[in-house]
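Visitor: Give the three-dimensional model of this entry:
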Amino acid sequence: MNLNQIVEALLFASQESLTAKAVAKIVCEVAGREGGDEKLRGTTAEDVETAIAELNDTYEKDGVAFTAEERANGWKLYTRPDYGDYVRELFPGQKPSRLSPPALETLAIVAYRQPLTKAAIEAVRGVAVDGVLQTLIDRGLVRVGGRADLPGRPLLYETSDTFLDHFGIKAVDDLPNAAELRQVALPSAKEDEAEAEGDQQMELEGVAEEGEQSVPAAGEEGAAGAPEAGGEATPDEGGDGRDASDAGDASDAGAVEVEFEAGEGAGAEGGGDGGEGGEG
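Guide: Okay, the predicted model is just below:
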């Protein structure tokens, strides 16, 4: 019994991926407990990787239908893609699920620029990604990787081990053009937020200007009369600051105030009546 056969048996029997270090530990423990070969008792992770490479060479030469491949969590035996149509018939109830173009775009942004916040993703795509992001999380392709050191501590999103297994890579660095695409400048979430706040401020200012322009048009007579009445009554309420050209003495000002109060009821029914009361 040699190391290659032991490694092959472990990979075949395991339902989960096994790291080279884990395989070496099993070999050493069993060989030491059973009094096996001294060479096996000193098995290292490098020895296991060498054994797997030799196994793959043998599989390739003999045309075996499976091969050992390394993923994020370790080594595992996989059937070759050439036999995919036949293997798929074993699972008729499992239909391949496809992602929509927006979901693929969002997944690509997360994969190449992770970890990043939802605001950063939206800054690149230009649209809200709440639903799409939740779909990727439900599929197990994206996960929460922590919180950003920013105000509010927003969540950071990154790809999962399922993503690596699905695309057949050990790490995100194995993605095509990973180094090049990570250097591409992307829109900043802060710039987009500032621009959105600026647009909102401009809209508010426009609404305020429209409101100021629409006030005189609502009732030209009432709008013209009410300020005059208020202008004459206000100085008398404060007791000083009366306009000498409009009020002759205290008795005239008192008369204006009484007449203004009496005209409030009519002013409630129509702006024109309120204006006439103020002129009196």
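
Visitor: how far away is Leu155 from Leu3?
Guide: Distance of Leu155 to Leu3, given as Cβ to Cβ, to the nearest Å: 45 Å. For every residue, glycine as well, the C-beta is placed using N, CA and C.

Visitor: Which one of those two is surrounded by more residues?
Guide: Leu3 (20 against 14; other Cβ atoms under 10 Å).

Visitor: I'd say the more buried one and Leu40 touch.
Guide: Yes. Between Leu3 and Leu40 a contact is recorded at 6.6 Å, counting by Cβ atoms under 8 Å.

Visitor: Which neighbours do the two have in common?
Guide: Common contacts of Leu3 and Leu40, defined by Cβ atoms under 8 Å, 6 or more residues apart in numbering, comprise Val27.

Visitor: excluding its backbone neighbours, what's nearest Gly42?
Guide: Closest residue in space to Gly42, ignoring its immediate chain neighbours: Cys28 at 7.2 Å, by Cβ to Cβ, 6 or more residues apart in numbering.

Visitor: same question, Arg71
Guide: Once flanking residues are discounted, Arg71 sits nearest to Asp165: 5.2 Å by Cβ to Cβ, 6+ apart.

Visitor: Can you name the residues that contact the one you found?
Guide: Asp165 touches Arg71, Ala72, Asn73, counting by Cβ under 8 Å, 6+ apart.

Visitor: Can you tell me how far the closest residue in space to Val30 that isn't next to it in sequence is from Leu18?
Guide: The spatially closest residue to Val30, leaving aside those adjacent along the chain, is Gly36, at 6.9 Å (Cβ to Cβ, 6+ apart). For Gly36, the distance to Leu18 (Cβ to Cβ) stands at 19 Å.

Visitor: if we can go back for a sec, heading C-terminal from whatever helix or strand the residue nearest to Gly42 lives in, find the next helix or strand.
Guide: Of the helices and strands defined by DSSP states H and E, Cys28 is found in helix 20-34. Moving toward the C-terminus from helix 20-34, the first helix or strand encountered (DSSP H and E) is helix 38-41.
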